[in-house]
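> Curious how this folds, go ahead:
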Amino acid sequence: MELTMDNVGQLEINQFLGEKIACRCGKIHYMNVDKVIIEKGAIEKVADVVKEYCSQKALIVADSHTYEVAGKQVTEILKANELKYKLFVYNVTHDLVPNEEAIGNLLLQVEGDTDLLITVGSGVLNDLVKFVSERTKIPSIIVATAPSMDGFVSDTSALIIDNLKTSVKCSLPKVIIGDVNILKQAPKRMILAGLGDMIGKYSALIDWQLSRLINGEYYCQVTAKISADAIKKCVDHINGIDKRDDLAIQNIMEGLIRTGIAMSYVGNSRPASGSEHHMSHYWEMMFLFAGKEALLHGTKVGLASIIIARMYELLAKENVDFDEAIRKIKMFDEKQWTEDIKKFYGKAATGIIANAQKDQRNFIEKRLKRVQIIQEHFPEIIALAKTAKSVDFIKNLMKKANAPLRPGEVGIDEKIVYNSIVMAKEVRQRYTILNLLSDLGLLEKYAEQMNCFIQ
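Residues are numbered from 1 along each chain as shown. Predicted coordinates for the structure are as follows:
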C-alpha cells in the first residue's frame, strides 16, 4: 500500500501501525506501536494485552488520582487473571512535574525482573514512563485516563531538565487502551485541554508550510492531512464535548493519537506543534519558576492559538519594509540578546543560549539570507497566511465547548503573554510565524497589539 491524499483519510487507526508504509512524499513511514483500543469497556482487555506480551512481572505506574480512576481496576483485573505485578503510585497533591526527581523515583521502582511497564494516566505519567521505557528497554502499554494531550504516541517525552522544557527521545507504548467510559468521566479541564491541543494543530500546520517556503524544510502533505482530518473529526462533533457525549470524547482521543501518528511518521512534532506550543512552553516555564501550579498543556495551547490566529490575520494585511528589516538585522547585538535571555528565562537561560549557538538561529548572515527568501516568496507567504483560521473561528469553537478564551482567565498576565510573544521563539529550533516576524523586525509591534486578547 502507498499512502496518498486519496486514501489516507479512509484508514482506521490500526492500519497505520506496525508496518512500513510507502508514502507519496517519497519516504517510508513507520509507527512502532502494535495496537490502539478505543472503545467502551476497553479496560477489560488489559489482562489479554499483558498476556500477549508474556509478562511475568509488570510495573503499574499511576498517581494518587489516576489510581482511583483506573489503577485500582487494573490491579483487580490482573489479580483476577493471576498475573504478577508491582504497583507504584506517585503521591501527589498537585499536578506531577516531569523533572529529574520524578524520573529518578520511577527508575528506582524498576526491578531486575520487571518486563512490562503499565502506565495508568495521561500527560506527565505517559512522558515519564515512555522515557524510562527507552532507558531500560522494557516495553510499555498505557491505560489512558483522560483525552488531554497528543503525546500518547509521540516519540519524544516532554520533560523539565535543568529547568528547561526539553523534548527527549523515548520509546512508544506498544498498546494504547482508551476506555470511553473512563475518558468521558475525566475532569472537564482535562477534556478541554485535549480539545485545545487539537485546535493548536491549525496554526502548527500553517507554521510547517511557512518553514517549507522559507527554509526548504521537509513537508509531507499526506501526513499533514492525517492531522487535518483528525482536527475536522473533533470539530464536527464539538457540540457534544460539554455533554460528554461518547462519540465526541472518542473523537478527541482518536484525534490526539492520529496526530501523534503523524508526528512519528515525519520524525518530529511538525504536524502537531508550532508557535502556539512555543508560547505554551514559555508560560509553563514561567509558572514553574514562580512556584505556581502548572496549567494543563492543552489549555495553554488553545489560548495561544487565538493569539497566533490574530498574528496571521495581521500578517495577511502587512506591508513589509524589507530595507528596514535588513537594517534591524544588521544591528543585532548578541550581547544584549544574551542578557535578555538571562532576564526572561532565568534558570533555563544556559540551555537556551547553548542551543541557539549550536543551531546558529540568530547569526546575522543566516537571517539576512532568510529575509531575502521571504521577500522572494512574500506573495506566497501572504497567500498562506490568508488560509489560517481566523480569531473568530477559533474563539467560536472554544465557546461551543465552554473552554477559556483569554489567558487572563487562567492566571496568565499581560506581561507573561507579551514576553512569550517576543521570546518564545527561542524555546525550540523550529521556524514559525514568531521567527518570521522577528526576521522582519515586526515581533514587538505585533506583541503590543495583543492586549485585547489577554484579559
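> contacting residues around I199?
Contact analysis of I199 by CB atoms under 8 Å, 6 or more residues apart in numbering lists 231, 301-302, 305, 394, 397-398. Every C-beta, even on glycine, is put in place using the N, C-alpha and C of the backbone.
> part of a strand, is E76?
No: according to DSSP: H, G, I helix; E, B strand; the rest coil, E76 belongs to no strand; its state is helix.
> got a list of what D113 touches?
Contact analysis of D113 by CB under 8 Å, 6+ apart lists 56-57.
> repeat that with 10 Å
The neighbours of D113, taking CB atoms under 10 Å, 6 or more residues apart in numbering as the test, are 56-57, 84, 86.
> Ok, L128 next?
L128 neighbours (CB under 10 Å, 6+ apart): 61, 63, 90, 96, 98-99, 102-103, 105-107, 117, 119, 121, 157, 159, 170.
> what about it, which SS state?
Counting by three-state DSSP, the backbone at L128 sits in helix.
> how much space between it and T66?
Per CB to CB, to the nearest Å, L128 is found 12 Å from T66.
> shared neighbours, these two?
Going by CB under 10 Å, 6+ apart, residues that sit against L128 and also against T66 are 90, 96, 119, 121.
> between those, which has the most around it?
Neighbour counts for the shared contacts of L128 and T66 peak at T119, which has 29 neighbours (criterion: other CB atoms under 10 Å).
> Quick check on that one: phi, psi?
T119 adopts backbone torsions of phi -80, psi 130, taken as degrees, to the nearest 10.
> And V175, by the same measure?
Torsion angles at V175 (phi, psi; degrees, to the nearest 10) stand at phi -140, psi 140.
> just use 620 as the starting number from now, easier for me
Done: numbering now begins at 620, and the last item shifts to V794.
> Which secondary structure state does the closest residue to it other than its chain neighbours sit in?
Spatially, and ignoring its direct neighbours in sequence, V794 is nearest to I760 (4.2 Å; CB to CB, 6 or more residues apart in numbering). Assigned with three-state DSSP, I760 falls in the strand class.
> In this protein, where's the longest helix?
helix 865-885 (DSSP state H).
> rewinding a little: would you reformat the shared contacts of L747 and T685 as CSV and include pLDDT, secondary structure and distance to Q869?
Putting the shared contacts of L747 and T685 into CSV (pLDDT from 0 to 100; DSSP: H, G, I helix; E, B strand; the rest coil; distance: CB to CB, whole Å) gives the following:
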residue, pLDDT, secondary structure, distance to Q869
Y709, 97, strand, 28
L715, 89, coil, 26
T738, 98, strand, 20
G740, 97, strand, 19
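> Could I get the contacting residues of the residue of the chain positioned farthest from its centre?
Most distant residue from the mean C-alpha position of the chain: E701, 37.4 Å away (CA atoms, centre = their mean). Neighbouring residues of E701 by CB under 10 Å, 6+ apart: A666.
> what about it, is that helix, strand or coil?
For E701, the assignment made with three-state DSSP gives coil.
> Which pLDDT value does the model give it?
pLDDT, E701: 98.
> now do G965
Looking at G965, its pLDDT is 86.
> what about A973, neighbour count?
Using other CB under 10 Å, A973 is surrounded by 10 other residues.
> Check which residues of the helix or strand where T842 lies are buried.
In the assignment (DSSP states H and E), T842 maps to helix 840-855. Using 16 or more other CB atoms under 10 Å as the test for burial, helix 840-855 gives 841-850, 852-854.
> residue boundaries of the strands in the stretch 770-919 of the chain?
Remark: strands assigned in the stretch 770-919 of the chain by DSSP state E, counting those that start in this stretch are 775-780, 783-788, 794-798.
> Leaving out sequence neighbours, find the closest residue to D682.
Y709 (4.1 Å).
> my bad, should have said G628
Closest residue in space to G628, ignoring its immediate chain neighbours: D848 at 5.0 Å, by CB to CB, 6+ apart.
> Report pLDDT for the one you found.
Reported pLDDT for D848: 97.
> No more questions from me, cheers.
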